[in-house]
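**Q** next one to model:
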Amino acid sequence: MMQTLTIQIRIFPSNPSVLVDMSNEYIRTVNKLTEQAEASETFPKLTSKTVNANLPSAVKNQLIRDAKTIFQKSKKEKKRPILKKRVYFVNNQNYAIGDDSVSFPVVMDGKVQRLVVPAAVADREKTMLSNSKLGILRVVQKSTKWFVQVSIERPTEQAKGDVVMGIDLGLKVPAVVVTSSGKTKFVGNGRKNKYIRRKYIDNRRKLGKLKKLSAIRKRRDKESRYMKDQNHKISRQIVNVAIQENVSVIKLEKLTGIRKTTRTSRKNAKNLHNWSFYQLQMFIAYKAAIAGIKVVEVNPSYTSQTCPSCGQRNKAKDRTYQCTCGYTAHRDRVGAINIMRQPVADGNSLSA
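**A** Model (predicted):
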C-alpha cells in the first residue's frame, strides 16, 4: 500500500529576505493569474515564458499548475481564494535534500541560482526520505522560523487486524478511545489544559490593558506551542493503543459543525473555539498512516445521545449517560462507541 505523507524540516537561511521576496512573488503571481482567469471565465494557456514574474522557470511552471487548480476549485465554490501567507513551491525535479542541507532554485541579483540552505534533518526524516518517492517541496515561514514541507509517497504495510477504533473528541476529556475488541482509554487531561489556557487568556488581558502588543504575540505563540505539544502527545498515545489492539481502521468524527454539536458552557466557549480539533485529527491521521492504519471520518450526529445497547436517544446529565433500558456509561465513551459503529461519511459502510 502506498501512503502519502508530509514531513517538515527546519531550515536556517543566512539571508531570509531572499525567501521572503520569492514567497511574496509566488503568491502575488498566483493571485494575479486567478484574478485574470476569473475575469475571463477561463484559465489561459500559459508557459514560464509568458508569465511575468521574478521567479525561476521551474517555479513558474509549478505556480501555473497551482493557479489553475485554485481557479477550478473557485468555479465550483463560486468564490476565489486570495493567498496571503507566504509560500514557495518547488517540484520534485528541482530540489535536493542532503544530510544537513536543502537546495532549490531562487532568483538573486537578477539571476537564477541554486540556494543551499543549512537544515536540521533528523535520522527519522532521513530514513523516510530514502524509502520514499518525493513530491512537492513547500517553503514556509512560521513566526521567525523557516521550514520546508516535503510531500512523500512511501510503501506502508496495511495493518492486518480486523479491530475498529472510534474516537470521541472533547474539552473536558480531550479524547476517548473505544475499540471493537473491548478496550477503552481516556486520553489527555482536559482540566489541566483548561487551567493553563485560562492563565494565558488572563495574562493576555492584563498585557492588553498595558498595550504591550509584542508580549501578547509572544504569549499567543507560547500557547500555540503548548497546544501543539499536547496534541502530539495525545495522538501518539492513541496510535500506540491502536497498534497494541491490532486496529486496522480508526474512525474520527467529521469536524464540520463540531462547534455546534459539542456541548459547552459560557466559561468553556473560548476554549472550544481555540482548541485545534483539526490539528489533533491531522496528527492522529499522520501517525496512523505510518503504522499502516486507515483513518476515516463519520457523521457525529447524535453519537453522544444514542444508547449503544437499545438505540434509544437520551440526553446525558453532566458526564453520565443513562438510558431507560438500564445502560449507564460515561457520555464520551458512549460517543466513541457510536462513532466506532457509524458508517463512513461518504456512505460506504465499514464493519465495526
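
**Q** give me the pLDDT value at G347.
**A** At G347, the pLDDT value in this model is 47.

**Q** ditto for E41
**A** Note on E41: pLDDT of 90.

**Q** state the phi and psi torsions of it.
**A** Dihedral pair for E41: phi 60, psi 20, per degrees, to the nearest 10.

**Q** next one: it from F71, what distance?
**A** As judged by C-beta to C-beta, to the nearest Å, E41 and F71 stand 10 Å apart. No exception for glycine: its C-beta is placed from N, CA and C like everyone else's.

**Q** ok, K192 next?
**A** From K192 across to F71, the span is 46 Å (C-beta to C-beta).

**Q** neighbour count for these two, which is higher?
**A** Higher neighbour count among K192 and F71: F71, with 21 against 10, using other C-beta atoms under 10 Å.

**Q** residues touching the more buried one, list them.
**A** Listed by C-beta atoms under 8 Å, 6 or more residues apart in numbering, the contact set of F71 reads 33-34, 37-38, 43, 80.

**Q** now P118: how far from V112?
**A** 21 Å.

**Q** can I assume Q72 is in contact with F43?
**A** Yes - using C-beta atoms under 8 Å, Q72 is in contact with F43, at 7.5 Å.

**Q** these two: which is more packed in?
**A** Legend: neighbour count by other C-beta under 10 Å for Q72 and F43, higher for F43 (19 against 12).

**Q** if R154 is in a bridge, with which residues?
**A** Residues in a beta bridge with R154, per DSSP bridges, are Q3.

**Q** how many neighbours does it have?
**A** R154 is flanked by 18 other residues according to other C-beta under 10 Å.

**Q** let me see the contact set for it.
**A** If a contact means C-beta under 8 Å, 6+ apart, then R154 has 2-3, 5, 128, 131-133 as its contacts.

**Q** just those now: which is nearest R65?
**A** K133 (18.1 Å; C-beta to C-beta).

**Q** which residues does that closest one contact?
**A** For K133, the contacting residues are 152-154, by C-beta under 8 Å, 6+ apart.

**Q** show me which of these is closest to Q230.
**A** I152 (26.2 Å).

**Q** now the closest one. Nearest residue, chain neighbours left out?
**A** Using C-beta to C-beta, 6 or more residues apart in numbering and skipping the chain neighbours, the partner closest in space to I152 is S132 (3.9 Å).

**Q** unless I'm mixing things up, that neighbour is touching S151, no?
**A** No - using C-beta under 8 Å as the test, S132 is too far from S151 to be in contact (9.5 Å).

**Q** neighbour-wise, which of these two wins?
**A** Neighbours per residue (other C-beta under 10 Å) separate S132 from S151, with S132 holding more: 19 against 16.

**Q** now that one: how far from P155?
**A** Shown here: S132 relative to P155, a distance of 8 Å by C-beta to C-beta.

**Q** where's R80 relative to Y88, distance?
**A** Note on R80: its distance to Y88, by C-beta to C-beta, is 21 Å.

**Q** between these two, which is the more surrounded one?
**A** Y88 (25 against 15).

**Q** with adjacent residues omitted, what lies nearest to that one?
**A** Leaving aside its chain neighbours, Y88 sits nearest to V139 (4.0 Å; criterion: C-beta to C-beta, 6+ apart).

**Q** now for the one you found, how many residues are close by?
**A** Neighbours of V139 (other C-beta under 10 Å): 25.
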